[in-house]
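Peer 1: would you be able to build a 3D model of this:
(one chain, ligands or ions: 1)
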Amino acid sequence: MPLMKKRILTGDRPTGKLHIGHYVGSLRNRVALQHDYETYVLIADVQALTDNFDRPEILRENIREVAMDYLAVGLDPKECAFVIQSQIPQIADLTIYYLNLVSLARVSRNPTVKSEIQQKGMGEDVTAGFVCYPISQAADITAFDAHLVPVGDDQKPMIEQTREIVMKFNRLYGETLALPEGLYTEQGRLPGTDGSAKMSKSLGNTIYLSDDEAAVNKKVKSMFTDPNRLTGREPGNVEGNPVFTYLDAFHTDKARVAELKELYSRGGEGDDGKPLLGDSKVKAELAVALNEFLEPIRTRRREWETGDAVWDILAEGTARGRARAEQTLDAVKTAMKISYFK
Ligand code: TRP
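Peer 2: Just a heads-up that it's a prediction; the model follows:
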């Protein structure tokens, strides 16, 4: 009997280009695992609509940008289906069934959704669609009957919600759906260039995978470091300093990073009276490391920027995704005894 590969489902909202935080948080895991799992990546345009319903025209170009970022970091469309969420009606069907399995109180408690509502200033006007997107995300994951979901750690509450829905479904209607597990990176979340906990477009603290060298240099130069280090001679703080978090993530020479940390923490000046290791010197090394990391990504991205080849890949991946989701919906309806014509 051929060995069945387990399945991965993961995804992103197409609201902009992807950044190095996405890379550290989940893209890197997806690239590493794509050969060992049957992998689907969902471009979650329906979820993006939950807070962009008044401007659906942004989706088309952003879907293309996200797909190009996937290709650029090395997701291989032969190994991994790129699926556009709105073109999989089975996900919407599943969402409707799952809405009955979650209490309003439970869905209102989701910490990621709560902080988004606050951050976006939605207040009382928050829509039912937005509050319930974790239920639709459970439909995303289970439509592909996924075993593993590589995501950033801000998605933990979504995985938890999905697992609750799956357990309840299986208990009520019989063992039907795989119980998915989240896969988070050890390194955790990459902070923004401004030192805030999360890198995000709305905070304007991102370095995009598609940024050119000049943009990277400029952003790194203005990065937040240790605010108490005024001349570069003071002992500096490496912990919680985003420049060092990025060095850990992207500098390939770990011994050099250790040396930089040591010098920075020690402070002091050389015989010439200049700081031994000023902020601008560390930043310059970081900019080189980042540009070295990004260069092959930019080169690969460029190959897709002209023409329509990306849309062909999306159409093909979406068709594969639909076939898989159809199987799941069939099983779900059968379990629920609502497959009347079979
Ligand atoms: N909520 C995810 C984000 O904001 C995107 C997403 C939608 C997703 N559907 C998913 C992630 C399914 C993992 C699995 O980035």
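
Peer 1: so which bits of this protein are right by the ligand?
Peer 2: Selection of the chain residues close to the ligand by Cβ under 6 Å from any ligand atom yields 9-13, 42, 44, 47, 137, 140-141, 149, 151, 155, 158. (Glycine included, C-beta is placed from N, CA and C.)

Peer 1: element containing the residue lying farthest from the centre of the chain?
Peer 2: Distance from the C-alpha centroid of the chain, by Cα atoms, centre = their mean, peaks at D271 (46.7 Å). Using DSSP states H and E, D271 falls within no helix or strand.

Peer 1: just the buried subset of the residues of the chain next to the ligand, please.
Peer 2: Buried residues within the residues of the chain next to the ligand, counting neighbours by 16 or more other Cβ atoms under 10 Å: 9-13, 42, 44, 47, 137, 140-141, 149, 151, 155, 158.

Peer 1: I'd guess E239 is in a helix, am I close?
Peer 2: No: counting by DSSP: H, G, I helix; E, B strand; the rest coil, E239 falls outside a helix, being coil.

Peer 1: what are the contacting residues of stretch 97-109?
Peer 2: Stretch 97-109 is contacted from outside by 113-114, 131-132, 134-135, 138-139, 161, 164-165, 168-169, 172, 332, 336, using Cβ atoms under 8 Å, 6 or more residues apart in numbering.

Peer 1: try it again with 10 Å
Peer 2: The contact list for stretch 97-109 (Cβ atoms under 10 Å, 6 or more residues apart in numbering) reads 113-114, 117, 126, 128, 131-139, 142, 157, 161-162, 164-169, 171-173, 329, 332-333, 336, 338.

Peer 1: stretch 220-231 too?
Peer 2: Counting by Cβ under 10 Å, 6+ apart, 191-196, 205, 207, 232, 234-244, 246, 264-265, 267, 269, 274-275, 278-280, 282-291 sit against stretch 220-231.

Peer 1: just checking, which of these belong to strands?
Peer 2: Among the contacts of stretch 220-231, no member falls in strands (DSSP state E).

Peer 1: report the contact partners of A44.
Peer 2: A44 neighbours (Cβ under 10 Å, 6+ apart): 10-15, 50, 63, 66, 83-86, 91, 133, 136-137, 140.

Peer 1: among those, which are in strands?
Peer 2: Of those, the ones assigned to strands by DSSP E are 10-12, 83-84.

Peer 1: show me which of those residues is closest to N217.
Peer 2: Checking these against N217 by Cβ to Cβ gives D12 as the nearest, at 26.5 Å.

Peer 1: now for M158: which residues touch it?
Peer 2: With contacts defined as Cβ under 10 Å, 6+ apart, M158 is in contact with 110, 112-113, 133-138, 140-141, 149, 151, 182.

Peer 1: and it, what pLDDT?
Peer 2: With respect to pLDDT, M158 scores 98.

Peer 1: so it: helix, strand or coil?
Peer 2: Under three-state DSSP, M158 comes out as helix.

Peer 1: and for the one 5 residues further on?
Peer 2: Local secondary structure at R163 is given as helix here, using three-state DSSP.

Peer 1: the ligand versus that one, what's the distance?
Peer 2: Applying Cβ to the nearest ligand atom, to the nearest Å, the value for R163 to the ligand is 13 Å.

Peer 1: number of residues surrounding that residue?
Peer 2: Counted with other Cβ atoms under 10 Å, the neighbours of R163 add up to 16.

Peer 1: got a list of what it touches?
Peer 2: 138, 141, 179-182.

Peer 1: output those residues as TSV; include the columns pLDDT and distance to Q34.
Peer 2: Output for these, formatted as TSV (pLDDT from 0 to 100; distance: Cβ to Cβ, whole Å):
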residue	pLDDT	distance to Q34
A138	98	23
I141	98	17
L179	98	22
P180	98	17
E181	98	17
G182	97	17
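
Peer 1: farthest pair within the residues you listed?
Peer 2: Distance extremes for the contacts of R163: the farthest pair is A138 and E181 at 13.8 Å, using Cβ to Cβ.

Peer 1: which stretches in the stretch 51-200 of the chain count as strands?
Peer 2: Here the stretch 51-200 of the chain has its strands, by DSSP state E, counting those that start in this stretch, at 80-84, 148-150, 181-183.

Peer 1: please identify the deepest-packed of the ones you listed.
Peer 2: With neighbours taken as mean count of other Cβ atoms under 10 Å, these reach their highest mean count in strand 80-84, at a mean of 25.

Peer 1: leaving out sequence neighbours, find the closest residue to whichever residue of the stretch 201-342 of the chain sits closest to the ligand.
Peer 2: Distances between the stretch 201-342 of the chain and the ligand by Cβ to the nearest ligand atom are smallest at K201, namely 11.4 Å. Here the nearest residue to K201 in space, its sequence neighbours aside, is G16; by Cβ to Cβ, 6 or more residues apart in numbering that works out to 4.8 Å.
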